[in-house]
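**Student:** give me coordinates for this.
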Amino acid sequence: MYRRLRTRCEARVRELDIPTPFDVSELCRRLESRRGRSISLLPIELPPDGPCGLWVSTDAADYIFYEARTSVLHQEHIVLHEIGHLLCEHDAAPVLGAAASESLLPSLDPRMVQQVLGRTHYTAVEEREAELIATLILGRAHRQALDPDPIISGDTAGVLARIEQSLGRRPRRLE
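**Tutor:** Numbers count the residues shown, from 1 in each chain. Model (predicted):
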């Protein structure tokens, strides 16, 4: 089951135009262009016992809320996790009451939020899928940042090829 999930997620990530150097806001701009819908990234102070991020999709736009009181690296991962839900077109079930909706997302119609917000009701598979997509995007972004074709020879090339194979990457062709 994990192999199929990983294959599905890798295919979605391969379709992305990941910026180099990596910038999550630029990735969102590229996704907006591809999808023809705006994506707003909004830091928010979420309840300690609540989710770290939320994806709200309306008829006109997507909103990704992420915890404002955490590190930049964690915020980036939260946003990418929510992008994973967005890319997979996961549906969300209503979980917040009207009062909670109004306090967390005051600029959005509480009835609309009730219909689209539900991060805690995603299935375990959907959560794993979103998390894996976030991890794959970050992995690909950081690999792109490295020199793509270092000069490697001898025993080092064989060791590198075995490591890449064990991580599920195709070994480089060394000439």
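**Student:** where in this protein is pLDDT low?
**Tutor:** Within the chain, the stretches with pLDDT under 70 are 92-121, 147-158, 160-161, 164-165, 168-175.
**Student:** what ranges does it have for its helices?
**Tutor:** For the chain, the helices defined by DSSP state H cover 2-14, 24-35, 72-88, 98-104, 110-116, 124-145, 154-166.
**Student:** and the angle from the third one to helix 2-14?
**Tutor:** The one in question is helix 72-88. With axes from the mean of the first three to the mean of the last three CA atoms, to 10 degrees as the basis, helix 72-88 and helix 2-14 are set at 100 degrees to each other.
**Student:** what helices or strands is helix 72-88 leaning on?
**Tutor:** Under the contact criterion of 3 or more CB pairs under 8 Å, 6 or more residues apart in numbering; DSSP states H and E, helix 72-88 touches helix 2-14, helix 24-35, strand 38-44, strand 53-57, strand 61-67, helix 124-145. Bear in mind the C-beta positions are built from the backbone N, C-alpha and C, glycine included.
**Student:** pull out the buried positions in that helix.
**Tutor:** By 16 or more other CB atoms under 10 Å, the buried positions in helix 72-88 come out as 75-88.
**Student:** so can I have a markdown table of the helices and strands packed on helix 72-88 showing distance to Arg162 and mean neighbour count?
**Tutor:** Written out in a markdown table, the entries for the helices and strands packed on helix 72-88 read as follows (distance: least, CB to CB, whole Å; neighbours: other CB atoms under 10 Å):
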| stretch | distance to Arg162 | mean neighbour count |
| --- | --- | --- |
| helix 2-14 | 20 | 13 |
| helix 24-35 | 32 | 15 |
| strand 38-44 | 39 | 15 |
| strand 53-57 | 37 | 24 |
| strand 61-67 | 38 | 21 |
| helix 124-145 | 17 | 17 |
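**Student:** any idea which of these gets closest to Val159?
**Tutor:** Of all the helices and strands packed on helix 72-88, helix 124-145 sits nearest to Val159, with 17.5 Å by CB to CB.
**Student:** what helices or strands is the closest one leaning on?
**Tutor:** Packing partners of helix 124-145 (3+ CB pairs under 8 Å, 6+ apart): helix 2-14, helix 72-88.
**Student:** hmm, who's touching it?
**Tutor:** For helix 124-145, contacts defined as CB atoms under 8 Å, 6 or more residues apart in numbering pick out 5-6, 8-10, 12-13, 16, 18-22, 27, 76-77, 80-85, 87-88, 90, 122.
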